[in-house]
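1. Coordinates only, no sequence provided:
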């Protein structure tokens, strides 16, 4: 069964054609958790993967969402969803098959990882649930690092790691021989983005803004990444608030302006999105960013 057929079977209304929350490849419904019966259709369900993402309250599990929206027992909904076949979207071109190599020793987050994340104003459990992060403890290659998977849809195609110390090399990314697809050819966090996108430099900035923020993994960007960003009709570039990063942001915006849609360069008052979380005014800025570019 398709997502459209499942929604029809459960008699769950979807956004009419032409609605501003109607996005190609997604079925939009009223979020049963934050705005049931509102006819706002803020909750999207991916037709290819079954991922569920609400503009306001974030991601949810497919079965839970459908059961809540339909009022049907979750066991009944689960049986129905077993007939759903996940398919790769047409625009997710993975190219020739390569093996993905994830280093041995990967575990769930340990106490030092959690302390580091909490110090940076993150909810560690939320990051695990939403972004799928893990950790390395005592390790010959990645000692005390956070493992960050990079996905197209639900498939991990590459990965990077972030040290829990701000000294030395902060990020170490998979070697070309360890990647299914080069991390320079994709956007980190794109599996959670819909109609709008906020482009940031690194994963922690994406975490700070939340679903809809996608990282180029540095101030550099490839033509493939530019093309992916341009596929979103609403895009805001929010690089770090320093001279070099802002120069690259302006250049990226110029490249994007030739494409259909709207492009904005956003400059926070804080050093970067993560620094903004530590300030009340910064948190208000991020909330406004989401309202303007992601929750329209």
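-> Arrived safely, thanks for sending. Here the structure is a predicted model, which means the values were calculated and not measured.
2. can you give me the strands for the protein?
-> When assigned using DSSP state E, the strands of the chain occupy the ranges 26-29, 43-46, 52-54, 58-60, 134-136, 145-152, 155-163, 171-173, 196-200, 213-215, 234-237, 262-265.
3. Columns mean pLDDT on top of those strands, output as JSON lines?
-> Shown next, in JSON lines, are those (pLDDT from 0 to 100):
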{"stretch": "strand 26-29", "mean pLDDT": "86"}
{"stretch": "strand 43-46", "mean pLDDT": "84"}
{"stretch": "strand 52-54", "mean pLDDT": "80"}
{"stretch": "strand 58-60", "mean pLDDT": "74"}
{"stretch": "strand 134-136", "mean pLDDT": "97"}
{"stretch": "strand 145-152", "mean pLDDT": "96"}
{"stretch": "strand 155-163", "mean pLDDT": "95"}
{"stretch": "strand 171-173", "mean pLDDT": "92"}
{"stretch": "strand 196-200", "mean pLDDT": "95"}
{"stretch": "strand 213-215", "mean pLDDT": "96"}
{"stretch": "strand 234-237", "mean pLDDT": "94"}
{"stretch": "strand 262-265", "mean pLDDT": "94"}
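4. TSV for the ones you listed, including distance to residue 127 and mean neighbour count?
-> (C-beta placed from N, C-alpha, C; glycine too.) Shown next, in TSV, are these (distance: least, CB to CB, whole Å; neighbours: other CB atoms under 10 Å):
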stretch	distance to residue 127	mean neighbour count
strand 26-29	24	23
strand 43-46	21	24
strand 52-54	16	23
strand 58-60	12	18
strand 134-136	10	23
strand 145-152	9	22
strand 155-163	11	21
strand 171-173	16	16
strand 196-200	15	27
strand 213-215	13	27
strand 234-237	22	22
strand 262-265	27	16
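5. which one of those lies closest to residue 188?
-> Set against residue 188 and scored by CB to CB, those come closest in strand 213-215, at 4.1 Å.
6. Domains in this structure, by residue range?
-> For the chain, automatic domain parsing gives the domain ranges 3-81, 111-184, 190-293.
7. from those domains, which stretch is densest packed?
-> Per residue and on average, the most neighbours among the domains of the chain fall to domain 190-293, with a mean of 19 (mean count of other CB atoms under 10 Å).
8. Can you check which of the domains of the chain gets nearest to residue 100?
-> Here domain 111-184 is closest among these (CB to CB), at 4.2 Å.
9. so who does residue 58 touch?
-> By CB atoms under 8 Å, 6 or more residues apart in numbering, the residues touching residue 58 are 130, 210, 211.
10. so, if you compare those, which one comes nearest to residue 31?
-> Distances from residue 31 to these, taken as CB to CB, are shortest for residue 211 (13.2 Å).
11. what's the distance between the nearest residue to that closest one once chain neighbours are set aside and residue 18?
-> Excluding the flanking residues, the one nearest residue 211 by CB to CB, 6 or more residues apart in numbering is residue 192, at 3.8 Å. Applying CB to CB, to the nearest Å, the value for residue 192 to residue 18 is 24 Å.
12. As a check, name the ranges of all helices in the stretch 151-296 of the chain.
-> Ranges of helices within the stretch 151-296 of the chain are 203-209, 223-230, 243-256, 273-276, 280-293, based on DSSP state H, counting those that start in this stretch.
13. now those helices as TSV including distance to residue 178 and mean pLDDT?
-> As requested, the helices of the stretch 151-296 of the chain are exported to TSV (distance: least, CB to CB, whole Å; pLDDT from 0 to 100):
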stretch	distance to residue 178	mean pLDDT
helix 203-209	17	96
helix 223-230	19	90
helix 243-256	27	91
helix 273-276	27	94
helix 280-293	33	94
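14. gap between the two ends of stretch 258-266?
-> 18 Å (CA to CA, to the nearest Å).
15. now do stretch 165-184
-> End to end - CA to CA - stretch 165-184 spans 24 Å.
16. Stretch 132-141 now?
-> In stretch 132-141, first residue to last residue: 21 Å (CA to CA).
17. same thing with stretch 190-203?
-> End-to-end for stretch 190-203, by CA to CA: 12 Å.
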